[in-house]
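1. Next input, structure requested:
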Amino acid sequence: MMVTDIETGTGSLIKNLTCPECGTVHNAEVINTVCVNDACRSTLFATYNLDAGLDKSILLKRPANMWRYKELLPVLDEKNIITLGEGFTPIIPIENLKQFVGDNEVFWKDESGNPTGSFKARGLSAAVSKAKELGIETIATPTAGNAGGALAAYAARAGVKAIVYMPKLTPQVFKDECRLYGAELVAIDGNISDCGKLVNELALQNGWFQVSTLKEPYRLEGKKTMGYEIAEQFNWQLPDVIFYPTGGGTGLIGMWKAFNEMEQLGWIGSNRPRMVAVQSESCNGIVSAFNAGLPVSEFADGGFTIANGLRVPKPYADRQILKVLRESNGAAITISDHEMSAALKEIARNEGMLMAPEGAALWQAFKKLKATGWIEAGEKVLMINTGSGYKYLENIDIY
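-> All right, here's what the predicted structure looks like:
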């Protein structure tokens, strides 16, 4: 661990890493993956000194990127921050599809403008920055597409080696992106779970640090900055409902973590959005578990979906995802590929936004829940478009 000084320190308030399941505390100054308790093996949460009297006025005049929240991120020395300008993405109101909105205010938070075209830039900026600080030289990940490109880009910027395992069915643009950034790409027959098993085995054999979704603590910290931004952009009043496309679920868990941190800081009150997890019919384990009242999900893989990021048969942090949905009095819903494709075209032709299918799925989910009355009159609704539709053209019938 590099020792910080007054000139280069970020002012990070990080204290340690804590297991949300068993409570075991881990030292944040050494390399960690998941909880060391063999009966648990949960993802770890970074914990911060939130009683330090940090006022949100510190944000005034800071750069409009995710590192404006540096005191609440895990990197100690500014020299280790690897950034390409990620974060502080716009919040855009629905304009031309208001016949579906009715008496609600409905907005998109559009993550497609992030480096490498998706919200994965947030998590990988944080994870690669902390990996650099910890002296890690080789980072590996399984990916359905966007995370691999983001890792490759940030690893290139950091001067560390990236190894990416990706299903062969992933659109070619994601593979080309990784290779252009200089990553070692391995395309395999199978889904992201199959990639994850390989990465886990080979990381142990070769001493790689793996940044698989929620199998290390720091991608979560980058993703949670969406929660901080949402609060700041809505003048510290959270929306009533947030729709989130749920594959691995890092952003869902991260935003919930951010809301709790901000309340402890005194930046927001106790009101919380109802969180809605949206899944593909191809991989609907979270929806099935939520509706059945189960604490964890079953493995569910129905094969190809145009929303590559939603083909996650069993999220590693399924227990945490389901906990957030229940604590928020939220919901979980599945959307078919046909519905995603129709939504993608409807949004593009009426709102001028070319979304990833994962984001487009939220529009159909909103319309369905609005029709049932689950979304109440006057409520403010936010949907998170996680990436750019340009990368998915190979999957989409444009006519």
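
2. Quick one, grab the pLDDT at the residue positioned nearest the centre of the chain.
-> Residue closest to the mean C-alpha point of the chain, counted by CA atoms, centre = their mean, is G251 at 3.2 Å. Per-residue confidence (pLDDT) for G251: 97.

3. Tell me the buried residues in the helix or strand hosting it?
-> G251 belongs to helix 250-265 when elements are defined using DSSP states H and E. Neighbour counts over helix 250-265 (16 or more other CB atoms under 10 Å) mark 250-263, 265 as buried. The way it works is simple: take the backbone N, C-alpha and C, and place the C-beta from them, glycine included.

4. for the protein, what spans make up the strands?
-> Secondary structure of the chain (DSSP state E): strands at 14-18, 25-26, 45-48, 91-93, 105-110, 138-142, 161-167, 184-188, 209-210, 241-245, 274-280, 331-335, 380-385.

5. Please name the strands paired to the fifth one in the sheet, noting orientation.
-> By that I understand strand 105-110. Sheet pairing of strand 105-110 (DSSP bridges) gives strand 91-93 (antiparallel), strand 380-385 (parallel).

6. contacts for stretch 146-154?
-> 82, 84, 115-121, 123-125, 127-129, 139, 141, 143, 162, 164, 166, 174, 177-178, 180-183, 185, 211, 213, 308-309, 386-387, 391 (CB atoms under 8 Å, 6 or more residues apart in numbering).

7. Which of the residues you listed fall within helices?
-> 120-121, 123-125, 127-129, 174, 177-178, 180 (DSSP state H).

8. How far off centre is stretch 215-233?
-> 8 Å (CA atoms, centre = their mean, to the nearest Å).

9. do the same with stretch 147-166
-> The answer for stretch 147-166 is 17 Å, by CA atoms, centre = their mean.

10. Mean pLDDT per helix and strand in this structure: which one sits at the bottom?
-> helix 192-206 (a mean of 90; mean pLDDT, DSSP states H and E).

11. Only the C-alpha atoms, please, for it, written as CSV.
-> C-alpha atoms of helix 192-206 as CSV (Å, rounded to 0.1, in the frame of the first residue of the first chain):
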residue,chain,number,x,y,z
ILE,A,192,-20.7,-15.6,-18.4
SER,A,193,-21.0,-18.1,-15.6
ASP,A,194,-18.8,-20.5,-17.6
CYS,A,195,-16.4,-17.6,-18.1
GLY,A,196,-16.4,-16.9,-14.4
LYS,A,197,-15.5,-20.5,-13.4
LEU,A,198,-12.5,-20.4,-15.7
VAL,A,199,-11.3,-17.0,-14.5
ASN,A,200,-11.7,-18.2,-10.9
GLU,A,201,-9.6,-21.3,-11.5
LEU,A,202,-6.9,-19.6,-13.5
ALA,A,203,-6.7,-16.6,-11.2
LEU,A,204,-5.9,-18.9,-8.3
GLN,A,205,-3.3,-20.8,-10.4
ASN,A,206,-1.6,-17.7,-11.9
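
12. Report the buried residues of it.
-> 192-196, 199-200, 202-203.

13. Out of these, the closest to F234 would be?
-> Closest approach to F234 among these (CB to CB): I192, at 32.8 Å.

14. Next up, the contacts around the closest residue to the closest one other than its chain neighbours.
-> Nearest residue to I192, sequence neighbours excluded (CB to CB, 6 or more residues apart in numbering): A144, at 4.9 Å. Counting by CB under 8 Å, 6+ apart, A144 makes contact with 166-167, 170, 192, 247, 308-309, 311-312.

15. give me that answer again for 10 Å
-> 166-167, 169-170, 174, 191-192, 195, 213, 247-248, 305, 307-312, 358 (CB atoms under 10 Å, 6 or more residues apart in numbering).

16. and if you look at P171?
-> P171 neighbours (CB under 10 Å, 6+ apart): 145, 177, 306, 308, 391-396.

17. so how far is I396 from it?
-> P171 sits 10 Å away from I396, going by CB to CB, to the nearest Å.

18. joint contacts of these two?
-> Counting by CB under 10 Å, 6+ apart, the residues touching both P171 and I396 are I306.

19. ok, the nearest residue to L238 once chain neighbours are set aside - how many residues close by?
-> Leaving aside its sequence neighbours, L238 sits nearest to P273 (CB to CB, 6+ apart; 5.3 Å). Neighbour count for P273, taken as other CB atoms under 10 Å: 23.
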